[in-house]
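# Return a 3D structure for these sequence lines:
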Amino acid sequence: MSQRGGTGGNEHEGSLRMKTELLVQMDGLAKSDDLVFLLAASNLPWELDHAMLRRLEKRILVDLPTRDARRQMFRHHLPPLISQEGGVSIECNVNYDKLADVTEGYTGSDIQLVCKEAAMRRVRSIFSVLEEMETNPDNPNRPNKLKIDPVTTADVEAALQSTKPSSRNLQPKYNAWRKQYESA
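Purely as a prediction, here's the structure:
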């Protein structure tokens, strides 16, 4: 819920009414005997309305993943063997420690995107073989079975070249917000 009124007063009247009603309802919850747990999340906490911030008793900034967390994320998204029952299997031979070191500043979503792109690089490599099989079905050199090469650290590094961290430049803003508003 961004600041009411927005920049230059260009906020739609319906949006203003919705925000005001949300705040009124939150006030009503505070006066109720019912037990209510409210969990809110924002990628841009500095744009939250100050009236909303006052109503949120605990404000916790979840920081970017640590080196160990990034390592575990790579291990989760690129395990030694990616397989589906009855489907294609892809092996992964990656250096998790090296990848954790070079991805400082990446979010969990960024790392997931990098892993998908690295795996797709291997899948895309068989497209030319499939096209050749389709256009030239009588080729004696045609492979009987398609095999996807393992995903390597080089594949992930290539994916990193085209997938930049989405939050690295915002880190100073997050730190400033934490100093001013966090109440964990």
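
# Which stretches in this structure count as strands?
81-83, 89-93, 151-152 (DSSP state E).

# helices and strands around the first one, which ones?
Put plainly, it is strand 81-83. Judged by 3 or more C-beta pairs under 8 Å, 6 or more residues apart in numbering; DSSP states H and E, the packing partners of strand 81-83 are strand 89-93. For every residue, glycine as well, the C-beta is placed using N, CA and C.

# for the second one, same thing?
Where contact means 3+ C-beta pairs under 8 Å, 6+ apart, strand 89-93 is packed against strand 81-83, helix 108-125, strand 151-152.

# Do I have it right that residue 103 meets residue 70?
Yes - using C-beta atoms under 8 Å, residue 103 is in contact with residue 70, at 5.3 Å.

# Return every residue with contacts to both of these two.
In terms of C-beta atoms under 8 Å, 6 or more residues apart in numbering, residue 103 and residue 70 are both contacted by the residues residue 111.

# what's the neighbour count on the nearest residue to residue 100 once chain neighbours are set aside?
Nearest non-adjacent residue to residue 100, counting by C-beta to C-beta, 6 or more residues apart in numbering: residue 71, 3.8 Å away. Residues lying near residue 71 (other C-beta atoms under 10 Å) number 19.

# Equivalent analysis for residue 135, please.
8.

# what's near enough to touch it?
Residue 135 neighbours (C-beta under 8 Å, 6+ apart): none.

# where's it relative to residue 65, distance?
45 Å (C-beta to C-beta, to the nearest Å).

# Same question for residue 173.
18 Å.
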